[in-house]
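> coords please:
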Amino acid sequence: MSAALVLIDDKHVPLSRIVWVADVPHFCGGDDCTVEGRYEVRVEADDSLFCSREERDAAIEAIEEWHHRE
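All right, here's what the predicted structure looks like:
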């Protein structure tokens, strides 16, 4: 995989598009919520992806590596 991309769920996401990464799992308490316990990765302005802890950690690591190369 390219160093400028990270795999989140089934999507190759450009690191430059990630705005922030949640430190705690999503919890809204809604009966119809399908992402409880998953981590939110905010992409661009109003779009989010939800992922496992492993995917979240990989995204953070990729962002840190990408930042240190710049």
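
> so which residues of this structure form helices?
Ranges of helices in the chain, per DSSP state H, are 53-69.

> nearest spatial neighbour of the residue nearest the centre of the chain, chain-adjacent residues omitted?
In the chain, the centroid-proximal residue (CA atoms, centre = their mean) is residue 41; its distance is 3.2 Å. Closest residue to residue 41 apart from its sequence neighbours, by CB to CB, 6 or more residues apart in numbering: residue 49 at 4.8 Å. To be clear about C-beta, it is placed using only N, CA and C from the backbone, and glycine gets the same treatment.

> wait, isn't that neighbour in contact with residue 7?
No: applying CB atoms under 8 Å, one finds residue 49 not in contact with residue 7, separated by 10.6 Å.

> what do the two both touch?
residue 13 (CB atoms under 8 Å, 6 or more residues apart in numbering).

> these two: which is more packed in?
Counting neighbours by other CB atoms under 10 Å for residue 49 and for residue 7 shows that residue 49 has the greater number, 21 against 14.

> re the thing from before, ok, the residue nearest to residue 41 - contacts?
Applying CB under 8 Å, 6+ apart, the residues near residue 49 are 8, 9, 11, 13, 40, 41, 43.

> between these, which has the most around it?
Busiest of the contacts of residue 49 [other CB under 10 Å] is residue 41, holding 25 neighbours.

> can I assume that residue is in contact with residue 17?
No: Residue 41 is not in contact with residue 17 according to CB under 8 Å; the separation is 9.7 Å.

> so which residue of the protein lies furthest out from the middle?
Furthest out from the centre of the chain (CA atoms, centre = their mean) sits residue 31, at 23.4 Å.
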